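Fold the following for me, if possible:
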Amino acid sequence: MKEKIVIAIGGNAIISEGQKGTAEEQYNNINKICPYIADLIQEGYRIILTHGNGPQVGNILLQSEAAKDKIPVLPIDICVAETQGQLGYMIKQSLENLLRKRGIKRDVTCVLSQVVVDDNDPAFNSPTKPIGPFYSKEDADEIAKTNNYIMVEDSGRGYRRVVPSPRPLDIIEQSAVKTLSNNGTIVITVGGGGIPVVENNGMLKGVEAVIDKDYASSLLANQIESDFLVILTGVPQVAINFGKPNQEFLSKISLEEAKKYYEEGQFPKGSMGPKIEAGIEYLVRGGKKVIITSLELLKDAIEGKAGTVIVK
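Model (predicted):
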């Protein structure tokens, strides 16, 4: 078998902007993603898929709030667990069906994952992680007033609710994921960044937060000794001076160059920033290579023909 690769898929790839998030819409989007993953599996790569859950967990919270007079409101960690099961099932089924059509015999499994965070992480006092759908300024103000939510403008696309996003420290199920992957199983895990838990006296307890899936995927890639980390995004390559006359796409940069550009503020916090920082952290912790590219160019990027590659 070829290299072991952690591939991080964004939650917005499963519910596209402007969609309601019906099961049919999500399946259609997942079915568009799976052929690119299946191509790599067919070539013998060992794949570990992670995914975001921002739109999905936001919708579950909205449903919970809307029915609060009839059923108890669920805490965010339970909502994250729900999205792990929901999206894991949908991705697993779609990918398995495609592999069967191609005559490829590889097991696909989902591993529900808990991710340890620090209960003193300053993120709990400064919510920054967008979840749920986009709203107009007027609707966002009304939602914030009614539900006591914090709503912020997100990348020029509208207003969204934000919740705490502490940094991941450890992935409880890392050994299981590593064993499964080493045996050739395709693993779907760390959904939505993982279920956020804190550890006190050796015991785990869920907390109200959503972990960034890029940071969690980066940590997972180190812990299971992945050969490299792939972070999928909506653009083919990373660029500096984005949107300016001197915009420059980056094909291959060193870890030190990535650090320099990040410190210069080249990568906005609401879009490319977390992906670059997650890549930097993976390399600093001993990782070999990070690839950032679009889904459509995934195979070409792994073969060194596209995307942005960050190396030590």
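
Count the neighbours of the residue nearest to Met1 when sequence neighbours are not counted for me.
Residue nearest to Met1 in three dimensions, not counting chain neighbours: Gly44, with 5.0 Å by CB to CB, 6 or more residues apart in numbering. For glycine as for every other residue, the C-beta is placed from the backbone atoms N, C-alpha and C. Using other CB atoms under 10 Å, Gly44 is surrounded by 11 other residues.

what separates Leu95 from Glu264, distance-wise?
Separation of Leu95 from Glu264 (CB to CB, to the nearest Å): 39 Å.

between these two, who's got more neighbours?
Leu95 (24 against 10).

For that one, which residues are in contact?
Applying CB atoms under 8 Å, 6 or more residues apart in numbering to Leu95 gives the contacts 34, 37-38, 108, 186.

and these, which of them are in helices?
Among the contacts of Leu95, the members falling in helices (DSSP state H) are 34, 37-38.

wait, which of the residues you listed is closest to Lys70?
The shortest gap between Lys70 and any of these belongs to Cys34, at 36.9 Å (CB to CB).

Pretty sure that closest one sits against Leu98.
Yes - between Cys34 and Leu98 there is a contact at 4.9 Å, judged by CB atoms under 8 Å.

Please identify which of the two sits among more neighbours.
Using other CB under 10 Å as the criterion, Cys34 and Leu98 rank with Cys34 on top: 20 against 17.

check which helix or strand covers the nearest residue to Ala239 once chain neighbours are set aside.
Sequence neighbours aside, Phe249 is the residue nearest to Ala239 in space, at 4.9 Å (criterion: CB to CB, 6+ apart). Here Phe249, judged by DSSP states H and E, is contained in strand 248-250.

what lines up beside that strand in the sheet?
The strands beside strand 248-250 in its sheet (DSSP bridges) come out as strand 238-240 (antiparallel).

For the strand it pairs with, which outside residues touch it?
With contact meaning CB under 8 Å, 6+ apart, strand 238-240 is reached by 247-250, 261, 266-267, 272, 276, 292, 308.

Could you rerun that using 6 Å?
Applying CB atoms under 6 Å, 6 or more residues apart in numbering, the contact partners of strand 238-240 are 247-250, 261, 266, 292, 308.

and it, average pLDDT?
For strand 238-240, the mean per-residue pLDDT is 95.

Please apply the same query to stretch 160-176.
For stretch 160-176, the mean pLDDT works out to 95.

Return the set of buried residues in it.
By neighbour count with 16 or more other CB atoms under 10 Å, stretch 160-176 contains the buried residues 160-168, 171-174, 176.

CA-only coordinates of that stretch in PDB, if you can.
Coordinates of each C-alpha in stretch 160-176 appear next as PDB, following Å, rounded to 0.1, in the frame of the first residue of the first chain:
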ATOM      1  CA  ARG A 160     -23.400  33.800  11.600                       C
ATOM      2  CA  ARG A 161     -23.500  32.600  15.200                       C
ATOM      3  CA  VAL A 162     -20.000  32.100  16.800                       C
ATOM      4  CA  VAL A 163     -19.200  29.700  19.700                       C
ATOM      5  CA  PRO A 164     -16.000  29.000  21.600                       C
ATOM      6  CA  SER A 165     -13.300  27.100  19.700                       C
ATOM      7  CA  PRO A 166     -10.500  25.800  22.000                       C
ATOM      8  CA  ARG A 167      -7.400  24.200  20.700                       C
ATOM      9  CA  PRO A 168      -7.200  20.400  20.500                       C
ATOM     10  CA  LEU A 169      -4.700  18.800  22.800                       C
ATOM     11  CA  ASP A 170      -5.200  15.100  22.400                       C
ATOM     12  CA  ILE A 171      -7.400  12.700  20.500                       C
ATOM     13  CA  ILE A 172      -8.700   9.900  22.700                       C
ATOM     14  CA  GLU A 173      -9.300   7.400  19.900                       C
ATOM     15  CA  GLN A 174      -6.000   8.000  18.100                       C
ATOM     16  CA  SER A 175      -4.800   4.400  18.700                       C
ATOM     17  CA  ALA A 176      -7.900   2.800  17.200                       C
END
